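> This is a predicted model, with the sequence first.
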Amino acid sequence: MTFPPLREELRGLEPYGAPQLSPELVPVQLNVNENPYGPSPECVADIAASVAAAATTLNRYPDREFVELRAELAAYLSRDTPHGIAPEQVWAANGSNEVMLQLLQAYAGPGRSALSFAPTYSMYPEYARDTGTRWVQGRREDDFSLDLARARDLVESEQPAVVLLPSPNNPTGTALPPEAVSMLCEAAGDGLVVVDEAYGEFRRAGVPSALELLPEHRNLVVTRTMSKAFALAGARLGYLAADPALCDGIRVVRLPYHLSAVTQAVALAALRHRDELLGKVDELRAERDALVDWLRGEGFEVADSDANFVLFGELADRHAVWQAMVDRGVIVRETGPEGWLRVSVGTPDEMKTFKVSLTAAVAEVTQDHATEEQA
Ligand SMILES: *Cc1c(COP(=O)(O)O)cnc(C)c1O
């Protein structure tokens, strides 16, 4: 036995995470779907003042129930559903990754299973592994949509404790229609259906949020994050809306005082500036649509996107193209099906650099391969 004696199923595994290359080496960072716009000077000043106020109380533990933050998050979510969201329906943690891990800690675990449909978010199987939950993976169709009848059959036969459905999906950008969510909520019985709306704010006009379906399905959970639309990836704040009884279940497994006073203060300050932050989201959505059109015009296959990123292909040698772009100071993400790359939507300048570097990288790789073939 090697030391330290790591759990057998964890031995030899690499920790999850995209390469973090220094912005000095790679100035155009389009690989982890961050918001390229930092908070405005007014928002920064409000965050700083709020943290200063919180600092005077740091000898005390924070509000364990984060009452004020829950109320503000509920008010924010209420914009997306005619039924409104009450503070008791909201739960938050350090990023929506922690929220979903807590969901599996409370509602999955040994003897239970969790299910998603690939290609999907690569963290999901890790929550399952870390909580001793059996992992079941269904498949999406070639166009990345769900075949509803097949998806329902799989959920009915497996009866998973938790179904994880990102919508818009990462890495494909595909949103799920509300009929799909309703059908899977019914098929899941008492199992939970988690619709991960990390990119919900970026969805195209007319695409509804699963929040609207909450009154119809007591087993539905909708998760959100401040990491993407709110440009707050560095603060770590994710949350969910669900039946209040479901939030009570999570309370049993959460660590005491898991949301620091600083985190709560920062999130509250950012929420006060939501109109300005969401204004940037509209710019990013327009930039995304233009990017999809450009890629299609260049002859790439492109998945329809309701997110702040675009998956495109098919490249004969995606790793070579990825590397040739890094060499030109642009990093995108090598993820999704073989032959595809994912690019986050950046500022107009970043998008210009992306286009030039992609064109040059593809030409270089094609040239290299032609030379190899001749040799
Ligand atoms: C980025 C992302 C999240 C959010 O992660 P945080 O922990 O909130 O930063 C959740 N789900 C998906 C599918 C994502 O891509």
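That came through, no problem. Because the structure is predicted, anything quoted here is derived from the model rather than measured.

> I'd like to know how far the residue of the stretch 251-375 of the chain found nearest the ligand sits from Arg152.
Scanning the stretch 251-375 of the chain for the residue nearest the ligand gives Ala307, at 8.1 Å (criterion: C-beta to the nearest ligand atom). (C-beta placed from N, C-alpha, C; glycine too.) Using C-beta to C-beta, to the nearest Å, Ala307 is found at 25 Å from Arg152.

> And the two? Which one has more around it.
Neighbour count, other C-beta atoms under 10 Å: between Ala307 and Arg152, Ala307 has more, with 32 against 17.

> Could I get the contacting residues of that one?
Contact partners of Ala307, counting by C-beta atoms under 8 Å, 6 or more residues apart in numbering, are Asn33, Pro168, Asn169, Asn170, Gly173, Tyr199, Phe202, Arg203, Arg288.

> who wins for most neighbours among those residues?
Most surrounded of the contacts of Ala307: other C-beta under 10 Å gives Asn169, at 29 neighbours.

> List every C-alpha atom in the helix or strand where Phe117 lies, with coordinates, as CSV.
Assigned by DSSP states H and E, Phe117 belongs to strand 113-118. Extracted in CSV, the C-alpha atoms of strand 113-118 (Å, rounded to 0.1, in the frame of the first residue of the first chain):
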residue,chain,number,x,y,z
SER,A,113,-27.6,6.4,-8.2
ALA,A,114,-27.2,9.7,-10.1
LEU,A,115,-27.8,10.0,-13.8
SER,A,116,-27.0,12.5,-16.6
PHE,A,117,-26.9,12.4,-20.4
ALA,A,118,-23.5,12.8,-22.2
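
> Report the rounded mean pLDDT for whichever helix or strand comes after it.
Once strand 113-118 ends, the next helix or strand along the chain (criterion: DSSP H and E) is helix 124-130. The average pLDDT within helix 124-130 is 97.

> So what touches helix 124-130?
9-10, 16, 97, 100-101, 104, 108, 113-114, 116, 133-135, 137, 164.

> Check stretch 265-282 too.
35, 37, 39-40, 42-43, 46-47, 49-51, 53-54, 68-69, 72-73, 76, 92, 201-202, 226, 229-232, 235, 237, 308.

> filter the contacts of Ala307 down to the ones close to the ligand.
The overlap between those and the neighbours of the ligand (C-beta under 6 Å from any ligand atom) comes to Asn33, Asn170.

> ok, so of the contacts of Ala307, who is nearest the ligand?
Ranked by distance to the ligand (C-beta to the nearest ligand atom), the contacts of Ala307 are led by Asn170 at 3.8 Å.

> Identify the residues contacting that closest one.
Asn33, Thr120, Tyr121, Ala198, Tyr199, Ala307, Phe309.

> rerun at 7 Å
Tyr121, Ala198, Ala307 (C-beta atoms under 7 Å, 6 or more residues apart in numbering).

> Dump these into a markdown table; add distance to Leu358 and pLDDT as well.
Below are these laid out as a markdown table (distance: C-beta to C-beta, whole Å; pLDDT from 0 to 100):
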| residue | distance to Leu358 | pLDDT |
| --- | --- | --- |
| Tyr121 | 24 | 96 |
| Ala198 | 25 | 98 |
| Ala307 | 19 | 98 |
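
> Student question: in this protein, what's the helix or strand with minimum average pLDDT?
Least confident helix or strand, the chain: helix 348-374 with a mean of 93, by mean pLDDT, DSSP states H and E.

> buried residues in that one?
Glu350, Met351, Thr353, Phe354, Ser357, Leu358, Ala361, Val362, Glu364, Val365 (16 or more other C-beta atoms under 10 Å).

> Stretch 322-341 too?
Buried residues in stretch 322-341 (16+ other C-beta under 10 Å): 322, 324-326, 328-337, 340-341.

> burial of Arg272, as a residue count?
15.

> mind checking how far Arg60 is from the ligand?
For Arg60, the distance to the ligand (C-beta to the nearest ligand atom, to the nearest Å) stands at 27 Å.

> So that residue versus Leu268, what's the distance?
17 Å.

> what about those two, which has more around it?
Leu268 (20 against 9).

> and the more buried one, that's in a helix?
Yes: assigned with DSSP: H, G, I helix; E, B strand; the rest coil, Leu268 falls within a helix.

> where along the stretch 151-300 of the chain do the strands fall?
162-166, 192-196, 220-225, 238-241 (DSSP state E, counting those that start in this stretch).

> Please tabulate those in TSV and include distance to the ligand and mean pLDDT as additional columns.
Converted to TSV, those look like this (distance: least, C-beta to the nearest ligand atom, whole Å; pLDDT from 0 to 100):
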stretch	distance to the ligand	mean pLDDT
strand 162-166	4	98
strand 192-196	5	98
strand 220-225	3	98
strand 238-241	4	98
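
> Let's see stretch 74-93 as PDB, backbone CA atoms only.
Once non-C-alpha atoms are left out, stretch 74-93 reads as follows in PDB (Å, rounded to 0.1, in the frame of the first residue of the first chain):
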ATOM      1  CA  ALA A  74     -35.400  34.900  -4.100                       C
ATOM      2  CA  ALA A  75     -36.400  38.400  -5.300                       C
ATOM      3  CA  TYR A  76     -33.900  38.100  -8.200                       C
ATOM      4  CA  LEU A  77     -35.200  34.700  -9.300                       C
ATOM      5  CA  SER A  78     -38.800  35.900  -9.100                       C
ATOM      6  CA  ARG A  79     -38.100  37.800 -12.400                       C
ATOM      7  CA  ASP A  80     -38.000  34.500 -14.200                       C
ATOM      8  CA  THR A  81     -41.300  33.000 -13.100                       C
ATOM      9  CA  PRO A  82     -44.800  34.300 -12.800                       C
ATOM     10  CA  HIS A  83     -45.200  32.200  -9.600                       C
ATOM     11  CA  GLY A  84     -42.500  34.000  -7.700                       C
ATOM     12  CA  ILE A  85     -39.800  32.400  -5.500                       C
ATOM     13  CA  ALA A  86     -40.000  32.600  -1.700                       C
ATOM     14  CA  PRO A  87     -36.800  32.900   0.500                       C
ATOM     15  CA  GLU A  88     -37.600  29.500   2.100                       C
ATOM     16  CA  GLN A  89     -37.200  28.000  -1.400                       C
ATOM     17  CA  VAL A  90     -33.700  29.200  -1.800                       C
ATOM     18  CA  TRP A  91     -30.400  27.600  -0.600                       C
ATOM     19  CA  ALA A  92     -26.900  28.800  -1.400                       C
ATOM     20  CA  ALA A  93     -23.300  27.600  -1.000                       C
END
